[in-house]
Each structure stands twice: as C-alpha cells, then as structure tokens.
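S.K.: Would you be able to build a 3D model of this:
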Amino acid sequence: MYPPILLGIALLVGIYLSEQHSYLLFHSLAEGFAVVVAVAIFLLIWNSKTHLSNSYFLLIGIAYLFIGGLDFMHLLAYKGMGIFSPTGDANLATQIWIAARYMEGISLLVAPLFILRKLRAEITLAIYAIVTALLLLSIFTWDIFPLSYVNGTGLTSFKIASEYFISAMLVGAIVLLISKRSYFSKNMFYLITASMALTIASEISFTLYVDVFTAPNLIGHLLKIISFYLICKAIIVTGLSSPFEVLFRKLKDKNEQYQYLRIHSEKLSAIGQLSSGVAHELRNPLAIVNNAVYYLRMKLGQSEDNIKEHLSIMEREIFRASGIIDGLLDFASSRDPRPGSIYIRPIISTVLAEMSPPNNITVVFNESSSLPKVTVDIEQIRRVFVNIISNSIHAMPQEGTLTIRLEPNINFLDIEFEDTGSGISEEHIDKVFEPLFTTRGGVGGTGIGLAICKSIIETNNGTIKARSQSNQGTTIIVSLPLSKGENDAQRK
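M.R.: Residues are numbered from 1 along each chain as shown. Predicted coordinates for the structure are as follows:
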C-alpha cells in the first residue's frame with residue numbers, strides 16, 4: 001500500500017518542482033499525465049468490454065479517451081507553446097479546457113444511469129467522436145464557441161459560470177453514484193467519489209485566476225493530477241491487480257444465487273415427489289371418510305342437530321384436506337412451459353371478468369400508455385393471476401381496493417398487485433412462497449397457491465416477490481421477460 005502512495009507523492013512533488021524551472025514544463029507534465037491516464041483507462045476498458053456487465057465503466061472508458069484528446073489539444077494550445085496561437089492568446093486553450101470539462105462532467109453525471117442498461121460500444125464511440133469534432137470545429141473553424149478568456153482582463157463570465165455549472169454536475173454525479181454504490185466494490189466507490197470531489201475543487205480553483213501563470217491555476221492543475229491519479233487507481237491499478245473485482249464483480253453474486261436456486265430446486269423436487277406419493281395415499285381414505293359422513297348425515301333424524309354440526313365441521317375439514325392434496329398434486333406434476341409472445345393486459349382483464357370480484361372490492365389499473373409483449377406460457381400465467389387476485393380478494397373481506405400496475409422495465413414487464421387488506425407481518429413475509437405456509441389459519445387457505453405461482457413464474461424465466469406490512473396491505477410483484485423485439489426496443 002505504502003510504495004504506491006510514496007510513488008504518487010514523489011510524482012506530484014516532481015511535477016510541482018518543475019514549475020520552479022518553467023511553468024510551461026509544469027503544465028505540459030500535468031496535462032501529459034492526465035492524457036496518459038485517460039488513454040490507459042480507455043485501453044483497459046475497451047479491451048475488456050465483452051466481459052463487462054456494468055456499462056458504467058464502458059461509458060467512462062470511452063469518454064476519457066476523448067477527454068484526454070481534448071486535454072492534449074489544450075496542452076498544445078496553451079499560452080507560450082506557440083503552436084496554435086503564435087500571438088500568445090490564452091483564450092483558445094481556455095475554450096478547449098471548458099469543452100473537455102463539460103464532456104467530463106456530463107459523462108460522469110449520466111454514467112450511473114447506464115449501470116443496468118446495455119450500451120453499444122461502437123455507437124457510443126462514434127457519438128463521442130462526432131461531439132468532439134463539433135466542439136473543435138466550433139473553436140478552431142466556426143469561431144462560435146463562447147469567449148472564455150480576455151488578455152489583460154482575465155476569465156469571462158461564461159468561463160466562471162461554466163466552472164460552477166460543471167461542479168454542480170459533478171455533485172449530481174456523486175449523488176447518483178452513492179445511490180448505485182452496491183454495484184461497485186467498496187474501494188473503487190471511494191476512489192471514484194474522491195476523484196470527483198477533487199475535480200470539483202479543481203474547477204472552483206480555476207475560477208480564481210486572472211493570469212494563466214498564477215497560483216490558483218497551479219493549484220487547480222495539482223488537484224487535477226491527484227484526481228486523475230485516483231481514477232487511475234480506481235480503474236487501472238485495481239483492474240490489473242484485482243480484475244475479477246472490477247470486471248466480474250457480479251460473478252460471485254450470480255454463483256451464490258445459482259447455488260441458492262439449485263438447493264431450492266432440489267428441495268422443491270423432493271417436496272414434489274413426497275407430495276405426490278402422500279397425496280395419492282391420502283386421497284382414498286379421505287374419500288371413504290367423506291362417504292361415511294354423508295351416510296351418517298342421511299341416517300340421523302332432524303333432532304340430532306348437535307351431531308350434525310360436528311359432521312359439518314368434519315365435512316369442511318375433509319374438503320380443505322382434499323384441496324391441499326389437489327394443490328400438492330398440481331405442485332408435483334407441473335409441466336414445462338409452452339412460451340408464446342403475448343400482451344398481458346388482456347389476460348388480466350379476462351381473469352377479472354371470470355372471477356367477478358364482489359362489489360365491495362374496487363379494481364384500479366395503473367399502466368403505461370404502451371405496454372410491450374412478454375414471452376410466457378399463457379395458461380400458466382393466467383393461473384398465477386387467478387391465484388394472486390383471489391388472495392387479494394380474500395384479504396379484503398369487508399371492502400378495499402386492488403390496484404394493478406403494469407410498468408416496463410429494462411428486460412422485464414413488472415406487474416404489481418396491491419391490496420388494502422390486513423397485510424402480512426414482517427416475520428411471515430419471507431415464508432409466503434413456501435409450500436404449505438398460509439396466513440389464513442384454518443379458513444380456506446391451503447398454503448400451496450403461492451408456492452405454485454413461484455414455481456410457474458421461475459420456469460417462465462420471471463421473478464415474483466412480496467412486499468407487505470401488518471394492517472397496511474400486501475403487494476405481489478411479478479416480473480415477466482419481454483419478448484425479444486420488445487427487449488431491444490426497451491434498451492434503446
């Protein structure tokens with residue numbers, strides 16, 4: 001740990017001491033360091049793009065290639081270099097500087113939005129190339145880029161306002177990154193955040209100078225060096241020393257998820273096999289007992305009301321036990337899905353029409369204007385909806401509202417069923433999808449329905465989860481995979 005820090009300090013001190021000899025040398029070394037880091041970031045990310053599951057890095061890698069290119073042009077255009085501006089005008093270099101910082105600020109601000117989105121590398125590269133070319137043309141050829149520095153006066157109001165606006169964008173980028181921090185390793189998150197914080201300090205420092213060779217400009221460049229060192233440390237050094245942490249961080253999580261699903265699948269398979277055998281063994285005895293109850297009811301006279309009441313209890317419990325057996329058999333004999341591309345809204349409407357919710361239940365739809373198709377087994381999904389809606393109705397015996405929301409996500413269509421019933425306690429919410437677990441006690445619930453729903457949804461490549469609190473209603477969220485064409489449209 002200490003050698004890299006000492007090396008970084010030595011590099012910083014060396015660049016600073018170069019300023020004592022020549023400010024142009026100091027500026028060239030500072031900007032040259034930033035350019036080398038930017039190109040190195042691009043090369044690492046670009047050559048690893050096929051393995052990236054997090055598009056944040058891909059966008060940042062491409063962006064820094066062109067940020068480095070603009071910084072290199074800024075280096076060449078700097079006052080005293082005599083390459084683009086023999087008269088020593090500092091405005092040209094300042095304009096290129098502002099263009100580069102706008103590109104950096106916007107890129108860091110939007111990058112967190114692409115963490116879970118598919119980014120097309122070649123198209124993104126082309127967009128950045130076009131934007132960079134337009135910026136350079138606006139400065140060198142068209143002369144339409146706003147004036148940023150006036151000799152003898154200093155910075156223009158546009159340049160100062162831009163530095164503060166870019167700083168505000170970087171603050172927004174930090175806030176977004178904090179909200180997405182679970183997608184980054186702890187070390188990388190802190191390094192990237194610190195890099196952006198130093199960039200903000202650097203931008204503010206660049207609002208304070210009048211002459212390009214003064215102390216605020218010097219401080220601003222030193223802060224930029226440290227900022228680029230930290231982004232280098234975050235992506236390049238960490239990437240080379242711990243590539244799996246950077247590029248394949250999700251692999252461990254996916255492996256753990258796979259192990260969980262494998263164990264869960266084996267348990268369900270065992271339960272299914274056991275359920276099938278037990279169900280068949282119990283069905284015949286229950287049928288005999290039910291027939292005996294029916295026979296006794298027929299033989300008893302009108303005066304035997306007390307005995308008849310107990311027979312009714314027996315009959316009801318036999319019916320419930322039979323329902324559990326039917327559910328276990330359904331659970332054990334679930335078939336493979338026969339997927340098709342369908343619209344979900346008509347399926348839900350048909351289920352509601354067939355079930356005819358009681359008048360005391362209000363059904364409200366909340367949906368996007370244009371819903372994509374999903375690829376699922378229509379009969380199996382219909383069965384899931386029947387079960388979920390039935391549970392919601394049973395949870396609101398007096399009155400209530402069932403709100404059904406349909407919202408397309410990145411790769412899925414999310415369907416939420418929210419009721420205003422009694423809800424489920426926190427200690428039970430994680431058990432609602434387990435076979436034979438029910439919150440209805442002995443009143444109607446078999447504890448098989450949601451377990452079957454979970455099995456069906458997962459075999460259709462979807463997910464199902466529950467959210468609830470006691471006395472605040474329950475929400476069941478079903479996410480179904482978009483059809484291929486719809487999936488591509490959502491990514492765009």
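
S.K.: contacts, neighbours, all on C-alpha from now
M.R.: Will do.

S.K.: Pull out the buried positions in the host helix or strand of residue 124.
M.R.: Counting by DSSP states H and E, the secondary-structure element that holds residue 124 is helix 121-140. Buried residues in helix 121-140, defined by neighbour count with 16 or more other CA atoms under 10 Å: 121, 125, 128, 129, 132, 135, 136, 139.

S.K.: same check, this time on stretch 178-192
M.R.: In stretch 178-192, residues buried by neighbour count (16+ other CA under 10 Å) are 178, 183, 184, 188, 189, 191, 192.

S.K.: So of those, which two are at opposite extremes in space?
M.R.: Of all pairs drawn from these, the widest gap by CA to CA lies between 183 and 191 and measures 14.2 Å.

S.K.: what bits of the stretch 301-450 of the chain have low per-residue confidence?
M.R.: When residues are selected by pLDDT under 70, those of the stretch 301-450 of the chain lie in 301-311, 313, 315-335, 435-447.

S.K.: now with 90?
M.R.: Of all residues in the stretch 301-450 of the chain, those with pLDDT under 90 make up the ranges 301-339, 350-360, 366-372, 377-380, 382-384, 386-387, 390-399, 407-412, 421-450.

S.K.: what are the ranges of the helices in the stretch 101-250 of the chain?
M.R.: Counting by DSSP state H, counting those that start in this stretch, the stretch 101-250 of the chain has helices at residues 121-140, 157-179, 186-205, 215-232, 238-241, 243-247, 249-299.

S.K.: rewinding a little: which of the buried residues of stretch 178-192 lies closest to residue 115?
M.R.: Closest approach to residue 115 among the buried residues of stretch 178-192 (CA to CA): residue 183, at 7.9 Å.

S.K.: tell me the contacts of that closest one?
M.R.: When the contact criterion is CA atoms under 8 Å, 6 or more residues apart in numbering, the partners of residue 183 are 54, 115.

S.K.: For residue 112, see how far away it is.
M.R.: Per CA to CA, to the nearest Å, residue 183 is found 10 Å from residue 112.

S.K.: cool, residue 119 as well?
M.R.: In this structure, residue 119 and residue 112 are separated by 12 Å, where distance is defined by CA to CA.

S.K.: neighbour-wise, which of the two wins?
M.R.: residue 112 (26 against 17; other CA atoms under 10 Å).

S.K.: residue contacts, the more buried one?
M.R.: Applying CA under 8 Å, 6+ apart, we find residue 112 in contact with 56, 173, 176, 177, 180.

S.K.: So how do I select the buried members of these in PyMOL?
M.R.: Typed into PyMOL, the line below selects the buried ones among the contacts of residue 112, using 16+ other CA under 10 Å:
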select buried, resi 56+173+176+177
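
S.K.: of the contacts of residue 112, closest to residue 28?
M.R.: Set against residue 28, the nearest of the contacts of residue 112 by CA to CA is residue 173 (28.4 Å).

S.K.: do you know how far the nearest residue to that closest one once chain neighbours are set aside is from residue 366?
M.R.: The spatial neighbour of residue 173 that comes closest, neighbours along the chain excluded (CA to CA, 6 or more residues apart in numbering), is residue 109 at 4.2 Å. Taking CA to CA as the criterion, residue 109 is separated from residue 366 by 31 Å.

S.K.: quick one, which of those two is more surrounded?
M.R.: When neighbours are counted by other CA under 10 Å, residue 109 comes out ahead of the other of residue 109 and residue 366, with 21 against 12.

S.K.: which residues touch that one?
M.R.: Contacts of residue 109 were listed using CA under 8 Å, 6+ apart, and they are 169, 170, 172, 173, 174, 176.

S.K.: Distance to residue 292 and pLDDT for the residues you listed - can I get that in CSV?
M.R.: CSV is the format used below for the contacts of residue 109 (distance: CA to CA, whole Å; pLDDT from 0 to 100):
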residue, distance to residue 292, pLDDT
169, 78, 95
170, 78, 95
172, 74, 95
173, 74, 95
174, 73, 95
176, 69, 92
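
S.K.: can I get those in CSV with distance to residue 94?
M.R.: Conversion of these to CSV gives the following (distance: CA to CA, whole Å):
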residue, distance to residue 94
169, 19
170, 20
172, 24
173, 24
174, 25
176, 29
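
S.K.: closest to residue 468 among those residues?
M.R.: For the contacts of residue 109, the minimum distance to residue 468 (CA to CA) is 27.7 Å, reached by residue 176.

S.K.: Let's have the contacts of residue 112 in a markdown table, adding distance to residue 361.
M.R.: Compiled in a markdown table, these are given as follows (distance: CA to CA, whole Å):
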| residue | distance to residue 361 |
| --- | --- |
| 56 | 45 |
| 173 | 45 |
| 176 | 40 |
| 177 | 43 |
| 180 | 39 |
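
S.K.: Okay, now stretch 433-449: how far is its last residue from its first?
M.R.: Using CA to CA, the end-to-end distance of stretch 433-449 comes out at 8 Å.

S.K.: who touches residue 38 in this structure?
M.R.: Going by CA under 8 Å, 6+ apart, the list of residues near residue 38 reads 61, 64, 65, 67, 68.

S.K.: now residue 378
M.R.: With contacts taken as CA under 8 Å, 6+ apart, residue 378 has the following neighbours: 339, 340, 342.

S.K.: Tell me, how many residues neighbour the last one?
M.R.: Right, the one you point to is residue 342. By other CA under 10 Å, the residues close to residue 342 number 17.

S.K.: Roughly how far does it sit from residue 455?
M.R.: According to CA to CA, residue 342 and residue 455 sit 20 Å apart.

S.K.: how about residue 403, secondary structure?
M.R.: With DSSP: H, G, I helix; E, B strand; the rest coil as the basis, the three-state label of residue 403 is strand.

S.K.: count of residues packed around it?
M.R.: Residue 403, neighbours per other CA under 10 Å, totals 16.

S.K.: Which residues are in contact with it?
M.R.: The neighbours of residue 403, taking CA under 8 Å, 6+ apart as the test, are 363, 364, 365, 366, 416, 417, 418, 419.

S.K.: rerun that using 7 Å as the cut-off
M.R.: 363, 364, 365, 417, 418, 419 (CA atoms under 7 Å, 6 or more residues apart in numbering).

S.K.: Buried subset of those as a ChimeraX selection?
M.R.: Applying 16+ other CA under 10 Å to the contacts of residue 403, the buried members can be selected in ChimeraX as follows:
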select :417,418,419
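
S.K.: Return the subset of the contacts of residue 403 lying in strands.
M.R.: For the contacts of residue 403, the ones inside strands are 363, 364, 365, 417, 418, with DSSP state E as the criterion.

S.K.: Distance check, the closest residue to the fourth one other than its chain neighbours against residue 448.
M.R.: Spelled out, that is residue 417. Nearest non-adjacent residue to residue 417, counting by CA to CA, 6+ apart: residue 404, 4.8 Å away. Counting by CA to CA, the separation of residue 404 from residue 448 is 23 Å.
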